[in-house]
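Visitor: Provided below for reference: sequence and predicted model.
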Amino acid sequence: MFSTEQRRRRLVRRHCLDGSAPDALAAVTAVTAFHSSDPVTPYLGVRARMEGFTTGRLDDLLWERRTLWRLHAMRRTLFLVPAAAAPDFLGGASAGVARREHERVVGWLAADMGEGKARRWLETAKQEVVGFLESEGGEWRVQDLTEALPSIGRTVRVGGGKWATDTPVSSRLLYLLGMEGRVVRTRPAGSWRSSQYRWAATSVWFGSMPQIGDPAAHRAEIVRMYLRSFGPATTSDIRWWTGWTARDCKAALNAVEATTVELEDGEQGWVLGGDTEEDGPPTDAVAFLPGLDPTPMGWKHRDWFLGPHGDQLFDDAGNIGPSIWLGGRIVGGWAQTADGKVVYELLEEVDGRDADRVAEEAARLEEWLGGEVASVRFRTPLERRLSGR
């Protein structure tokens, strides 16, 4: 049987919550894929997992070495993934998301021009954008690309009733091409806290196109990576994280020859074959994780590390805010005030030594941020109360 304490030890060490990641790429790989819907999450999350981290270390992997790729994958979520593993994420997750997104764009266009013409226009526009980016090279903002290619400058009506709005189709076009792996998000238009990215052709940025094969084989590799990071995980955990059907999930588990173990709460959890060894002695590691961090977002069932704190730390859509971890469990949350001060609250009692260590980590984080406010995109009750904003 896998006890809750065993799972917590494994979580700390495999997710490097003890600061043991040797570099930023290892920190990303440790959690399979790093949430990037909020642009500050990867920076603050990697900082929590390795000593001596600076934002430039992640920038170097993204923009210079290009060993990380920012793409939409599981559940239509934006992630950072190792570029070497990108074909698996594209083939096993992004492709299905792209097909659905393609039909959405066709539907918007069809309202003005009819379905047949909409499909032809969309294919022509995609070819035009990719061809332009491949021939011109470089990194392009959406507005600059639209100026260079006036034909993609049309708008579409999205939503209905009082929520209807006219949206430039160019941004949706790049969004779709990114899901298909044909273009890639590059440098942000602002600082590391910005969510406005430039775009480049994948074949130019990475030097070649990813080799996509059998979707089932790619899904198997995703499950293999996930279980290595998050196992033991229940079937519902895996289905929630991947967004797959029960059939696809079962096939992927069979392909990697996953086995089940009994969890302390009586549920059955999946692990890779033979991966049942202890992950070391107990640990009391302290970590301040950002909102949407991949560790708490990696399981659907979280009681074994979250306890009764969900109402304070999650928003109504299921997104976690900034959290404080001690020994593989959540004990509180943190935030920043308008002047950049790191403030926190412990949601359960800890001993004096651990309370001191939490205070020391808060001071280190505040010093690292240097007065910059890493605004949280998905706000939670505790974060709002602590920040006063």
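Guide: Yep, that arrived.

Visitor: name the helices or strands packed onto the longest strand seen in the chain?
Guide: Scanning the chain for the longest strand, with DSSP state E as the assignment, gives strand 329-336. Using 3 or more C-beta pairs under 8 Å, 6 or more residues apart in numbering; DSSP states H and E, the elements in contact with strand 329-336 are helix 303-306, helix 310-313, strand 323-326, strand 342-346, helix 352-369, helix 381-387. No exception for glycine: its C-beta is placed from N, CA and C like everyone else's.

Visitor: Need the winner for burial among those.
Guide: Among the helices and strands packed on strand 329-336, the stretch with the highest mean neighbour count (mean count of other C-beta atoms under 10 Å) is strand 323-326, at a mean of 26.

Visitor: What is it packed up against?
Guide: For strand 323-326, the packing partners by 3+ C-beta pairs under 8 Å, 6+ apart come out as strand 286-289, strand 329-336, helix 352-369.

Visitor: which secondary structure elements does the first one contact?
Guide: The helices and strands touching strand 286-289, judged by 3+ C-beta pairs under 8 Å, 6+ apart, are helix 40-49, strand 323-326, helix 352-369.

Visitor: Which of these sits closest to W205?
Guide: helix 40-49 (18.2 Å; C-beta to C-beta).

Visitor: Residues in a beta bridge with the residue most central in space within the chain, which ones?
Guide: Residue closest to the average C-alpha location in the chain (C-alpha atoms, centre = their mean): H35, at 1.5 Å. Counting by DSSP bridges, H35 is bridged to F79.

Visitor: Against Y226, how distant is it?
Guide: Distance of H35 to Y226, computed by C-beta to C-beta, to the nearest Å: 14 Å.

Visitor: Then G318?
Guide: According to C-beta to C-beta, G318 stands 18 Å off from Y226.

Visitor: The two - which one has more neighbours?
Guide: Y226 (24 against 11; other C-beta atoms under 10 Å).

Visitor: What residues does the more buried one make contact with?
Guide: T32, A233, I238, W241, T242, G298 (C-beta atoms under 8 Å, 6 or more residues apart in numbering).

Visitor: So it belongs to a helix, correct?
Guide: Yes. Per DSSP: H, G, I helix; E, B strand; the rest coil, Y226 lies within a helix segment.

Visitor: Give the rounded mean pLDDT of the biggest helix by length in the chain.
Guide: In the chain, with assignment by DSSP state H, the single longest helix is helix 115-136. In this model, helix 115-136 has an average pLDDT of 96.

Visitor: ok, now stretch 151-169?
Guide: 81.

Visitor: For it, list every residue counted as buried.
Guide: For stretch 151-169, burial by neighbour count (16 or more other C-beta atoms under 10 Å) applies to I152, R154, V156, V158, V169.

Visitor: quick revisit: as a markdown table, the helices and strands packed on strand 286-289 with distance to S208 and mean pLDDT would be great.
Guide: Output for the helices and strands packed on strand 286-289, formatted as a markdown table (distance: least, C-beta to C-beta, whole Å; pLDDT from 0 to 100):
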| stretch | distance to S208 | mean pLDDT |
| --- | --- | --- |
| helix 40-49 | 25 | 97 |
| strand 323-326 | 39 | 98 |
| helix 352-369 | 37 | 97 |
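
Visitor: okay if I get the ones you listed as TSV plus distance to Q196?
Guide: Listed next are the helices and strands packed on strand 286-289 as TSV, based on distance: least, C-beta to C-beta, whole Å:
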stretch	distance to Q196
helix 40-49	14
strand 323-326	27
helix 352-369	21
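
Visitor: Please identify which of these is closest to G116.
Guide: Across the helices and strands packed on strand 286-289, closest to G116 is helix 40-49 (C-beta to C-beta), at 41.5 Å.

Visitor: Return the set of buried residues in the closest one.
Guide: V40, T41, P42, Y43, L44, G45, V46, R47, A48, R49.

Visitor: And for stretch 231-239?
Guide: Buried-residue list, stretch 231-239, by 16+ other C-beta under 10 Å: G231, P232, A233, T234, T235, D237, I238, R239.

Visitor: what sits up against it?
Guide: Applying C-beta under 8 Å, 6+ apart, the contact partners of stretch 231-239 are 2, 7, 223, 226-227, 230, 241, 244-246, 249, 253, 258, 261, 263, 267-272, 275, 298-301.

Visitor: Got a quick PyMOL command for the buried subset of the residues you listed?
Guide: A single PyMOL command is used to select the members of those judged buried by 16+ other C-beta under 10 Å:
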select buried, resi 2+7+223+226+227+230+241+244+249+253+258+261+263+267+269+270+271+272+275+298+299
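
Visitor: In strands only, show me the contacts of stretch 231-239.
Guide: Among these, DSSP E puts V261, Q268, G269, W270, V271 in strands.
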